[in-house]
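Asks: based on what follows, work out the 3D shape:
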Amino acid sequence: MVTRSDITFIVGVLSRFMHKPREAHWSAALRILAYIKSCPRKDMVYKKHGHVHISGYSDSGYVGDRGDRKSTTGYCSFVEGNLATSRSKK
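Replies: Purely as a prediction, here's the structure:
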């Protein structure tokens, strides 16, 4: 699986509206696809650092959005200094 760290944030924001998309969301999705098509070889590179170190980070924001009063949580994990997993959820 190829991870595109350059579009991770905007895809996460856009996915919040997938159940009730509007014209602006469709337009943003098309811009993301055009960007991906324009730079197909821009993938994440994993490098060997000579150590086996696993680390993880997490954070949460209680009532982070004043509009809907929902909290946001997220985490990421690294293996040998390379991003292995990440997730954020509202």
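
Asks: what about the strands in the protein?
Replies: 54-61, 72-79, 82-89 (DSSP state E).

Asks: what's the longest helix in the protein?
Replies: helix 23-38 (DSSP state H).

Asks: who touches that one?
Replies: By Cβ atoms under 8 Å, 6 or more residues apart in numbering, the list of residues contacting helix 23-38 from outside reads 4, 7, 10-11, 14, 17-18. All C-beta atoms are positioned from the backbone trio N, CA, C, and that covers glycine.

Asks: chain center to that helix, what's the gap?
Replies: 16 Å (Cα atoms, centre = their mean, to the nearest Å).

Asks: before we move on, what about stretch 72-86?
Replies: 11 Å.

Asks: tell me if I'm right that Gly74 and Thr85 touch.
Replies: No - counting by Cβ atoms under 8 Å, Gly74 does not reach Thr85; the two are 11.0 Å apart.

Asks: of those two, which one has the most company?
Replies: Gly74 (15 against 11; other Cβ atoms under 10 Å).
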